[in-house]
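S.K.: coords please:
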Amino acid sequence: MGASPPNPTSPGAPPFHYPPTRKSGQVDDYHGTRVEDPYRWLEEVESPETRSWVEAQNAITFGFLEGIPARQSIHRRLTELWNYERFGVPALKGGTWFYFRNDGLQNQAVLYRSDALDGPPVTLLDPNLLSTDGTTALGVTAVSEDGRLLAYSVSESGSDWNEIRLREVQSGRDLADRLQWVKFSSIAWTHDGAGFFYSRYPVPGGADPLLEVNKNHKLYYHRVGNAQDQDLLIFERPDQPDWGVAADVSDDGRYLVLSIWLGTDRRNRLYYVDLGDPLAPKLTAPVVPLLDAFDAAWGFLGNDASVFYLVTDKDAPRRKVLRMDTRAPDREPGLIIPEQADVLESAHLIQDVVVAGYLHHAHARVRRFRLTGEELPPVELPSLGSIAELSGDRRATTLYFAFTSFLTPTAIMSHEVHGGTTTFWRIPAVAFDASLYETRQVFVRSKDGTELPMFITGRRDRPADRAAPVYLYGYGGFGVNMTPAFSAGIVGWLELGGVFAMPVLRGGNEYGEAWHEAGMFERKQNVFDDFFAAAEWLIANRVTRPDRLAIGGGSNGGLLVGAALTQRPGLFGAALPAVGVMDMLRFHKFTIGWAWVPEYGSADDPTQFPALLAYSPLHNLRPGTRYPATLVTTADHDDRVVPGHSFKFAAALQAAQAGPAPALIRIETKAGHGAGKPVAKMIDEQADRWAFLVRVLGVA
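M.R.: Numbers count the residues shown, from 1 in each chain. Got it, this is the predicted structure:
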């Protein structure tokens, strides 16, 4: 186990030797089909046997990685690339400005306050001081309307579980308030500053709360200074344990708006509470259903008195903006912005202008409309890229937003709504020469004839007759849009001579809800076929060869990589599945996995089981197959896609591998699904991924 591993790229290299993994006789009956699950015991993450297995696997994996000469130099260069100043979008509350900043290598970004936007900053909250190793991360932050109090949530070791705390803005002193068992929650202050709305689950039972199924989400109001058991219950539906609830308070403080969600289904219900006087809110006022059918996606933009402005995909797969009078909910809503040829990705209401972010072939265009529907001149963007994190409430005159592209670090821009001018507020400087590289967009035809775009980034002077090492990255699910974004890690790959390719797969929402639905349920195979088409295009157009083509993705993207390497193992030279959903028959039995049933279906349903079994990565590994070199990555505290998925898949892959290529698993400790991961851990993991590819793809 401690011996130097063979070079997997050498012809006739001997098989890799892995730690032994016990097989049990576990067999399950799914509607008359018997399915073996010999590594079921690896789902018990905290058992002594599993912990011993993790230690043995990490020993061989890190032994392999430590034997790669380029690993240290890759790590040094990634550290240099990551070491640049990064800012979040500023927000104004009670005359005080708030924004996040990371000086470069801080594990977590620091929250600052300032009396003037460009005045001297004062540290308000430094999460790096909450733990010695940077594994305590900030979740949601919300400042009271008067700018006096900060509510913030923290999570430990990457868990989705959060604790909400309170801090005085001027003194920086924490109050005694502690709200626990919070997950998937917003924080919405009432305008009197007396308290806020938040969502939580009941205290989980069982021996391991990281694995318990989460049901019965409830909305509470916490009054500052009270104990959590005194919080006022605002909304629950014990007859609907799968429902979740998110809360928002309108910019005028008059309404509490509830979005009722069901798993990852895009469709939601919209309820509201008329709080009355914003400075003396009636917390016990009734919850009023406004849109109560789960028939479409509904988002609240703002209001003028009883008139609500909403964005929806109701009878508009690419989304539109409506007005609805809550006093006459049965009246036909008024149309403000009709559905366009491009997808409406985001909308923000500021003054009397809707700033609408559209996706044009998966890159951003920003248009502006008055509430009358009149279109104003668009917001000019620097290049082909993406926008995110908009800030500025209804009363402001300036909108702040983040802009990024594959070669542009995330810059913060400001837009004057009435003047129409757009300028940079903060432009990061990264230690690399972006002029040496270019991004182009090509279009690929999938198996069924569907055309999909793909972004390709690499050196401008790359020889056309030389097969480059390519990292093909994808996601394809849950309506998540894959758009241009900067990554210091990807720059490190480009500097190694690599090419980065990102196709826009079905399952996302880049072309509207129909595009998403084409990659759901029994149509999930379309996503994999799109990915194969992208790989084949890169090979056919002499960008790369199969032996120099690596594939990667995380979470649902990890599922994509797992399905790709099991269905077309000869198409790729390497695979990097991260925190993937690998067991499609049991994913719904852990934590929040049940919420993905609206996307994938469930093996409990006899009509959906065959499709899931047909592509489930764990169940489609075939002994005696030569699989590509694979480095599975996961974390021991991932309570979203529990690590048992990756543990079982890695064990089965090692048992099935017939070729000399390594099948390894790297298991991070004190980390979770990815949110809030310390910068140091991100650099370590990215360096190991690139070192692995340098070795197995033969990168010079």
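S.K.: Go through stretch 339-354 and flag the buried ones.
M.R.: 339-340, 342-351, 353-354 (16 or more other C-beta atoms under 10 Å). (Each C-beta comes from the backbone N, C-alpha and C, glycine too.)
S.K.: Okay, now the unreliable bits of the stretch 351-500 of the chain?
M.R.: For the stretch 351-500 of the chain, no stretch is flagged by pLDDT under 70.
S.K.: where along it do the strands fall?
M.R.: 353-360, 363-370, 375-379, 386-391, 398-405, 408-416, 422-426, 437-445, 451-459, 470-473, 499-503 (DSSP state E, counting those that start in this stretch).
S.K.: Using a markdown table, please lay out those strands together with distance to residue 238.
M.R.: Below are the strands of the stretch 351-500 of the chain laid out as a markdown table (distance: least, C-beta to C-beta, whole Å):
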| stretch | distance to residue 238 |
| --- | --- |
| strand 353-360 | 38 |
| strand 363-370 | 42 |
| strand 375-379 | 46 |
| strand 386-391 | 36 |
| strand 398-405 | 40 |
| strand 408-416 | 43 |
| strand 422-426 | 47 |
| strand 437-445 | 48 |
| strand 451-459 | 44 |
| strand 470-473 | 42 |
| strand 499-503 | 43 |
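S.K.: Looking at those, which is nearest to residue 662?
M.R.: In terms of C-beta to C-beta, the element of the strands of the stretch 351-500 of the chain nearest to residue 662 is strand 470-473, at 17.6 Å.
S.K.: In the stretch 451-600 of the chain, mark out all the helices, start to finish.
M.R.: Per DSSP state H, counting those that start in this stretch, the stretch 451-600 of the chain carries helices over the ranges 488-495, 513-517, 525-540, 556-567, 597-600.
S.K.: oh sorry, the question was meant for the chain
M.R.: Ranges of helices within the chain are 48-66, 71-82, 488-495, 513-517, 525-540, 556-567, 597-600, 609-615, 644-656, 679-697, based on DSSP state H.
S.K.: Residue 520 is nearest to which of the strands of the stretch 351-500 of the chain?
M.R.: With distances scored as C-beta to C-beta, the stretch of the strands of the stretch 351-500 of the chain nearest to residue 520 is strand 451-459 (16.2 Å).
S.K.: what's the distance between that closest one and the middle of its chain?
M.R.: Mean C-alpha position of strand 451-459 versus that of the full chain (C-alpha atoms, centre = their mean, to the nearest Å) differs by 21 Å.
S.K.: angle of that strand against strand 499-503?
M.R.: If you take axes from the mean of the first three to the mean of the last three C-alpha atoms, to 10 degrees, strand 451-459 sits at 160 degrees to strand 499-503.
S.K.: Sort out which residues of strand 451-459 are buried, please.
M.R.: Neighbour counts over strand 451-459 (16+ other C-beta under 10 Å) mark 452, 453, 454, 455, 456, 457, 458 as buried.
S.K.: before we move on, what about stretch 376-387?
M.R.: Those would be 379, 381, 384, 385, 386, 387, for stretch 376-387 by 16+ other C-beta under 10 Å.
S.K.: Residue 509: which of the strands of the stretch 351-500 of the chain is closest?
M.R.: Residue 509 lies closest, by C-beta to C-beta, to one member of those: strand 353-360, at 8.2 Å.
S.K.: Parallel or antiparallel, list what pairs with that closest one.
M.R.: strand 343-350 (antiparallel), strand 363-370 (antiparallel) (DSSP bridges).
S.K.: Show me which residues of that strand are buried.
M.R.: The neighbour-count check on strand 353-360 (16+ other C-beta under 10 Å) flags 353, 354, 355, 356, 357, 358, 359 as buried.
S.K.: try stretch 358-371
M.R.: Neighbour-count burial for stretch 358-371 flags 358, 359, 361, 362, 363, 364, 365, 366, 367, 368, 369, 371 (criterion: 16+ other C-beta under 10 Å).
S.K.: Return the member of those nearest to residue 664.
M.R.: Nearest member of these to residue 664, counting by C-beta to C-beta, is residue 362, at 32.7 Å.
S.K.: relative to strand 353-360, how tilted is the helix or strand bottoming out on mean pLDDT in the chain?
M.R.: Lowest by mean pLDDT, DSSP states H and E among the helices and strands of the chain is strand 386-391, with a mean of 86. Angle of strand 386-391 versus strand 353-360, following the same axes, to 10 degrees, is 160 degrees.
S.K.: Tell me the helices and strands packed up against strand 386-391.
M.R.: Judged by 3 or more C-beta pairs under 8 Å, 6 or more residues apart in numbering; DSSP states H and E, strand 386-391 is in contact with strand 343-350, strand 353-360, strand 363-370, strand 398-405.
S.K.: May I see those strands organised as TSV, with distance to residue 201 added?
M.R.: Listed next are the helices and strands packed on strand 386-391 as TSV, based on distance: least, C-beta to C-beta, whole Å:
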stretch	distance to residue 201
strand 343-350	28
strand 353-360	32
strand 363-370	35
strand 398-405	31
